[in-house]
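Undergrad: Provide a 3D model corresponding to the input given below.
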Amino acid sequence: MLLKADVLPVVSYANMSIVNVSRTGFAGETMTPLRATDLLIFSIVGNRFHQGSVRWVRGPKFGIDLVDALDILSCSDAVDPGFLASHASRSKRYPVDLTGRIAIGSICYHSTVRDVSRSGMRLEIDAVLEVGQQVIVRLPDRPLILASVRWAASDMAGIETADQIQTLRLVCAGV
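TA: Below is the predicted model of the structure:
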């Protein structure tokens, strides 16, 4: 069985700030136009990217649905029952002051991983990728991978990952 991957060529990055976080997501601000239901791929620290879904947008402010938001943003968990009997329980919001970056891309391409090493992959992909271009690779049940295109020819591309990957876990994920 071949390992399938989605590849998002990164067109640019935009700054964002996160103002509060809960068990189910976070609220932030960015000057980049977002729409509800958009997929948001972002990084808070280094080359480690995460994805969430835009839940709401009000001007530069936005809310993200994000599984494990407290773990990703290093906060603890608690439930805020509200002050009135009619209030529904909701996840406690923790104020934070974090900055990060949003990866901006227009189209996500489906690909097949043909080779894998600790530092990269060979992808079969129906897209024209540019040498030096950054891409984010999404594999089933794996963290997002930031990489740079090292070569591209016809329907194949070689990418070098920003961080070393655990090849055995990756190969076992495709079985």
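Undergrad: alpha carbons only for contacts and neighbour counts from here, please
TA: Noted.
Undergrad: So residue 132 is in contact with residue 157, correct?
TA: No. In this structure, residue 132 is not within contact of residue 157 by Cα atoms under 8 Å, at 11.4 Å.
Undergrad: which one of those two has more residues nearby?
TA: Relative neighbour count places residue 157 above the other of residue 132 and residue 157, with 23 against 14, counting by other Cα atoms under 10 Å.
Undergrad: just checking, the more buried one is part of a helix?
TA: No. According to DSSP: H, G, I helix; E, B strand; the rest coil, residue 157 belongs to no helix; its state is strand.
Undergrad: re earlier: now the common contact residues for residue 132 and residue 157.
TA: The contact sets of residue 132 and residue 157 overlap at 149-150 (Cα atoms under 8 Å, 6 or more residues apart in numbering).
Undergrad: Could you pull out the strands in this protein for me?
TA: Ranges of strands in the chain, per DSSP state E, are 3-9, 12-22, 25-29, 39-43, 49-58, 61-65, 79-80, 90-91, 94-104, 109-117, 120-125, 134-138, 145-153, 156-161.
Undergrad: In a markdown table, list the ones you listed along with mean pLDDT.
TA: Shown next, in a markdown table, are the strands of the chain (pLDDT from 0 to 100):
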| stretch | mean pLDDT |
| --- | --- |
| strand 3-9 | 92 |
| strand 12-22 | 94 |
| strand 25-29 | 95 |
| strand 39-43 | 92 |
| strand 49-58 | 95 |
| strand 61-65 | 96 |
| strand 79-80 | 50 |
| strand 90-91 | 66 |
| strand 94-104 | 89 |
| strand 109-117 | 93 |
| strand 120-125 | 95 |
| strand 134-138 | 95 |
| strand 145-153 | 96 |
| strand 156-161 | 96 |
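Undergrad: Please work out the average pLDDT along stretch 165-175.
TA: For stretch 165-175, the mean per-residue pLDDT is 61.
Undergrad: Once you drop chain neighbours, what's closest to residue 5?
TA: Nearest residue to residue 5 in three dimensions, chain neighbours excluded: residue 139, at 4.7 Å (Cα to Cα, 6 or more residues apart in numbering).
Undergrad: Could you give the backbone dihedrals for that neighbour?
TA: Torsion angles at residue 139 (phi, psi; degrees, to the nearest 10) stand at phi -110, psi 150.
Undergrad: Local confidence estimate at it?
TA: As predicted, residue 139 sits at a pLDDT of 90.
Undergrad: Now distance to residue 73 too, for the strands of the chain, in CSV please.
TA: Formatted as CSV, the strands of the chain follow (distance: least, Cα to Cα, whole Å):
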stretch, distance to residue 73
strand 3-9, 23
strand 12-22, 8
strand 25-29, 9
strand 39-43, 10
strand 49-58, 11
strand 61-65, 13
strand 79-80, 17
strand 90-91, 15
strand 94-104, 9
strand 109-117, 28
strand 120-125, 27
strand 134-138, 20
strand 145-153, 18
strand 156-161, 23
